[in-house]
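Q: Got a predicted structure here, sequence first:
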Protein chains: 2
Amino acid sequence: MLVLLVEDEHDLAELVMEYLLTCNIECDYFDNAEAAWSQLQKQSYDALILDVNLAGKSGVELCRMVRQQGLSTPCIMLTAMHTLEDKIIGFEAGADDYLVKPFAMQELVLRLQSLQTTGKKGHALNVGDLHIQVANRHAQRADRVLKLSPDEWTLLLLLARHSPNVVSKEKIEETLWPDGMPSNDALKMLTYRLRKTLDSESEQPLLHTERGVGLVLKWL
Amino acid sequence: MLVLLVEDEHDLAELVMEYLLTCNIECDYFDNAEAAWSQLQKQSYDALILDVNLAGKSGVELCRMVRQQGLSTPCIMLTAMHTLEDKIIGFEAGADDYLVKPFAMQELVLRLQSLQTTGKKGHALNVGDLHIQVANRHAQRADRVLKLSPDEWTLLLLLARHSPNVVSKEKIEETLWPDGMPSNDALKMLTYRLRKTLDSESEQPLLHTERGVGLVLKWL
DNA sequence: AATCCCCGTTACCTTACTGTTACCCAACTA
DNA sequence: TAGTTGGGTAACAGTAAGGTAACGGGGATT
């Protein structure tokens, strides 16, 4: 798992990073929203940990920008003031969870993992004219309902969650086959099959291959 | 409308109460289950909002007590993000709905109103042309009354409560056979039998299998 | 005690998911 | 240009998962 931490108290940030590492969670770190934002254009993350009170652009604003860009990356807000008003602002900006400082490292990790597996309840994802209801296990492109096998569904969900960013081939293989890949061509086939039910009947393809890198799901 | 709120995070409770007031919803408040219980003996409410994690008796227990007393007051459970599993327990205790913290105030009110209109006539569930009266243990499809064995009833109820979401095979097995499954095929048979009395005489099936995942009850 | 019915078991069949292999094509490289 | 690499397409097969049917034990009801 790879997360992005944005926090301007350096000591706290170091503490968090250190603890995450011991839990086998990789972590990129920035101390301001602007730098984090530009990094988000290049790299896709499994979760964001944002401080509410940053100098300059606040974590809430950053979260809102991320959501407006169409990213559904799970997002945890950190706030020092434990007034609920701030929390509400966070949710309206699209945050999935919050933690009040000071918090136990353990709790942060628990929530990260919870978000990782379940995601937010009733979450719906949209990429172009593709609409996905996670809980329903229902996906449709324009008006066409997509019939997906379990693996196809997993892949589509993974790509949709990271859209419009590229997901590396390694990451995909790791997600689909946690303990050992069957063969080098398995993913190739899966891609082919997903593309067939997803794109073959529409003129605008959503699933693109970044040669030598991985796959992307994006409109245009 | 008059609701009873039981919640031991004081800030959250105040926020909820304040918001409910602006929606013209009256609200009595307690921070523990015992006090709430004794109040319930004196006053009848249009809905209950219970926190799952209370010091002392939990919201789930309180809900169960209320049901055992024969009250069918609509009941919404509040549960923290990382204990999402609790929602199942909540449903089995007789809860009508749940919200994962943090939640938008607006959503709480929406669900209250929804329960107010649909849940008013006792515990009734509808999926397509299937109509279930929980208290009566009565189920009918269109005009046909369904004769269900205990296990079939439990399964149907479980699925109906989650409709139109998929219920995983594991969840079902855990619910039906809390201490150890009889065999791998038991559920298969049960499904077959339920489907026979539920779907075989209608052209539109309600019970669908998500291969490799679980079962869904849904119209279309 | 006799009967009934729920439900778990077994067996067999059907479906469809998924991995394999083979071959082709496009892009990049020497 | 020829060779190499990575991706797309197609047919095939093994196997896991689900559907169906018949049987029988055991608890409940009478």
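A: Yep, that arrived.

Q: Please work out how many residues are found near the closest residue to DNA strand C within chain A.
A: Residue nearest to DNA strand C within chain A: A:Ser183 (2.4 Å; C-beta to the nearest atom of the strand). No exception for glycine: its C-beta is placed from N, CA and C like everyone else's. If you count neighbours by other C-beta atoms under 10 Å in any protein chain shown, A:Ser183 ends up with 8.

Q: does it count as helix, strand or coil?
A: coil (DSSP: H, G, I helix; E, B strand; the rest coil).

Q: Tell me the confidence at the one residue sitting closest to the centre of chain A?
A: A centroid search over chain A (C-alpha atoms, centre = their mean) returns A:Thr73, at 2.8 Å, as the residue closest to the centre. Looking at A:Thr73, its pLDDT stands at 80.

Q: wait, it sits on A:Arg67?
A: No: counting by C-beta atoms under 8 Å, A:Thr73 sits too far from A:Arg67 to count as a contact (9.1 Å).

Q: one step back: relative to A:Met1, how far out is the residue of chain A closest to DNA strand C?
A: 26 Å (C-beta to C-beta, to the nearest Å).

Q: what's the answer for A:Glu170, then?
A: Relative to A:Met1, and taking C-beta to C-beta, A:Glu170 is found at 14 Å.

Q: now A:Arg211
A: In terms of C-beta to C-beta, A:Arg211 sits 26 Å off from A:Met1.

Q: Give me the more crowded residue out of the two.
A: Neighbours per residue, other C-beta under 10 Å: of A:Arg211 and A:Met1, the larger number sits with A:Met1, 15 against 6.

Q: Endpoints of stretch A:124-138, how far apart?
A: For stretch A:124-138, the first-to-last residue distance is 10 Å (C-alpha to C-alpha, to the nearest Å).

Q: what does that stretch rub up against?
A: A:70, A:72, A:119, A:121-123, A:139-142, A:145, A:153, A:156-157, A:160-161, A:163-164, A:198, A:202, A:204, A:206, A:217-220, B:164-166, B:210, B:213, B:216 (C-beta atoms under 8 Å, 6 or more residues apart in numbering or on different chains).

Q: ok, of those, which come out buried?
A: A:72, A:119, A:121, A:139, A:141, A:153, A:156-157, A:160-161, A:163-164, A:198, A:206, A:217-218, B:164-166, B:210, B:216 (16 or more other C-beta atoms under 10 Å in any protein chain shown).

Q: Do you have the strands of chain A handy? List them.
A: Per DSSP state E, chain A carries strands over the ranges A:2-6, A:26-30, A:47-51, A:75-79, A:97-100, A:124-127, A:130-133, A:138-141, A:144-145, A:167-168, A:207-210, A:214-217.

Q: got those strands as a markdown table, with distance to B:Gln133 columns?
A: What follows is the strands of chain A, written out as a markdown table (distance: least, C-beta to C-beta, whole Å):
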| stretch | distance to B:Gln133 |
| --- | --- |
| strand A:2-6 | 48 |
| strand A:26-30 | 53 |
| strand A:47-51 | 43 |
| strand A:75-79 | 42 |
| strand A:97-100 | 38 |
| strand A:124-127 | 31 |
| strand A:130-133 | 28 |
| strand A:138-141 | 28 |
| strand A:144-145 | 32 |
| strand A:167-168 | 48 |
| strand A:207-210 | 47 |
| strand A:214-217 | 44 |
